[in-house]
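Novice: coords please:
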Amino acid sequence: MTKTAASGLGGARKGKAVSEDLRRRAVAAVLDEGKTVRAAARKFDVAAASVHRWLQRFRARGDVRADPPGGRPSLIAPERARVLRLLEKRPEVGDRGLQAALAAEGIAVSLSTVKRFLKLNGLQRKQRRAWRRGQAGSGANRTPSALARSPRGGQVPFVGRRQFVPRNVEGHALPSVRGLRLQ
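Specialist: Predicted coordinates:
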């Protein structure tokens, strides 16, 4: 049994890309040197199933190159020039603004597609944090430092990770049932 890379003792790598050179040498060890698939796998510290797959690939098409990655083509990549033109016109536009501008030009894509495209092309937009605007005194439009100074100890509804804690008339927290607060 081979040692795994997770144990820190060396051994077979799991889920790592293997160079084309190593693939060729493993296939050559089986075909030219007469080694078994398992012996070649042990020699090159890879899985026997991988060597078997490379051998099949070599016999079928004459090379051991990896198959191209799957997935569907991007809807926005062919429109790269238009996206760059939009960003030059309005450099302050955010992800959603860019999505709306593309939709106005007839390119309907999701927000995640826009973000993925920007990330892949090194054009990520600076994200601005917007605090929810609430009624005066609700605490929903305060900064985190102001929340810490809140008379209720920063316990305001739906701000960040803090949640509203229902309290009775005297200001004591109401009892909870199975982790849920009663109102």
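
Novice: Contacts for the strand or helix carrying Ala28, please.
Specialist: If you go by DSSP states H and E, Ala28 is part of helix 20-31. Applying CB atoms under 8 Å, 6 or more residues apart in numbering, the contact partners of helix 20-31 are 35-37, 39-41, 43-44, 46, 50-51, 54-55, 58, 64-66. For every residue, glycine as well, the C-beta is placed using N, CA and C.

Novice: List the buried residues of that helix.
Specialist: Within helix 20-31, the residues that count as buried by 16 or more other CB atoms under 10 Å are Arg23, Arg25, Ala26, Val27, Ala29, Val30.

Novice: Including pLDDT and distance to Ala101, could those go into JSON lines?
Specialist: Converted to JSON lines, the buried residues of helix 20-31 look like this (pLDDT from 0 to 100; distance: CB to CB, whole Å):
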{"residue": "Arg23", "pLDDT": "94", "distance to Ala101": "45"}
{"residue": "Arg25", "pLDDT": "95", "distance to Ala101": "52"}
{"residue": "Ala26", "pLDDT": "95", "distance to Ala101": "51"}
{"residue": "Val27", "pLDDT": "95", "distance to Ala101": "51"}
{"residue": "Ala29", "pLDDT": "95", "distance to Ala101": "56"}
{"residue": "Val30", "pLDDT": "95", "distance to Ala101": "56"}
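
Novice: picking up where we left off before, quick one: buried ones out of the contacts of helix 20-31?
Specialist: Using 16+ other CB under 10 Å, the buried members of the contacts of helix 20-31 are Lys35, Val37, Ala40, Ala41, Phe44, Val46, Ser50, Val51, Trp54, Leu55, Phe58, Val64.

Novice: who's in contact with the host helix or strand of Lys115?
Specialist: In the assignment (DSSP H and E), Lys115 maps to helix 111-120. Helix 111-120 is contacted by residues 74-77, 83, 95-96, 98-99, 102, 123-125 when judged by CB under 8 Å, 6+ apart.
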